[in-house]
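In: Fold the following and give me the result.
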Amino acid sequence: MVDVMLVLLIIFMVTAPMLTAGVQVDLPKASTAPLQGQDEPLTISVQANRHVYIQKTLVSVDDLGAKLKAIAGEKTDTRIFVRGDKNVDYGFIMRVVGEINTAGFSKVALITEQPQENTPRSR
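Out: Presented below is the predicted three-dimensional model:
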């Protein structure tokens, strides 16, 4: 019985990180504190080729606001995480954030990766 429980624990430990993977994006690194919140956020991912996804669904930047309103309805206080590839220019990321704000959503956060301990920080 204990062996079965240990095997299940290992399976869950291995598969849990895979469930949150979503769209592959090479995130920039930054030293920040994790965001706190009780609700489930929507994730907007911007790939290096400028493809924009809501969760795992490809959308055009021009339709982003309308799609977000359709998903969230009247809940404009929904948290939205923007995951932008580090190779996408800042202007395009700000265009995406602007579309989100224009749609009425104000709780927008940019997601980064934590730098590794042995990585030197630039100042």
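In: downstream neighbour of the lowest-mean-pLDDT helix or strand in the chain in the secondary structure list?
Out: Within the chain, confidence by mean pLDDT, DSSP states H and E is lowest for helix 2-19 among all helices and strands, at a mean of 68. Under the assignment DSSP states H and E, the closest C-terminal helix or strand after helix 2-19 is strand 42-46.
In: what pairs with that next one, and is each one parallel or antiparallel?
Out: Each strand that pairs with strand 42-46, with its direction, by DSSP bridges: strand 52-54 (antiparallel), strand 80-84 (parallel).
In: okay, those strands in CSV with mean pLDDT and mean neighbour count next?
Out: Where you see a C-beta, it was placed from the backbone N, CA and C, and this is true even at glycine. Rendered in CSV, the data for the strands paired with strand 42-46 read as follows (pLDDT from 0 to 100; neighbours: other C-beta atoms under 10 Å):
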stretch, mean pLDDT, mean neighbour count
strand 52-54, 93, 20
strand 80-84, 91, 20
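In: export these to a markdown table and tack on distance to I93?
Out: Rendered in a markdown table, the data for those read as follows (distance: least, C-beta to C-beta, whole Å):
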| stretch | distance to I93 |
| --- | --- |
| strand 52-54 | 10 |
| strand 80-84 | 4 |
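In: can you tell which of those is closest to A72?
Out: strand 80-84 (8.6 Å; C-beta to C-beta).
In: Pretty sure F92 sits against Q47.
Out: No: at 10.8 Å, F92 and Q47 do not qualify as touching, with contact defined as C-beta atoms under 8 Å.
In: Please identify which of the two sits among more neighbours.
Out: Taking neighbours as other C-beta atoms under 10 Å, F92 and Q47 compare with Q47 leading, 18 against 15.
In: Quick check: phi and psi at L64.
Out: phi -60, psi -50 (degrees, to the nearest 10).
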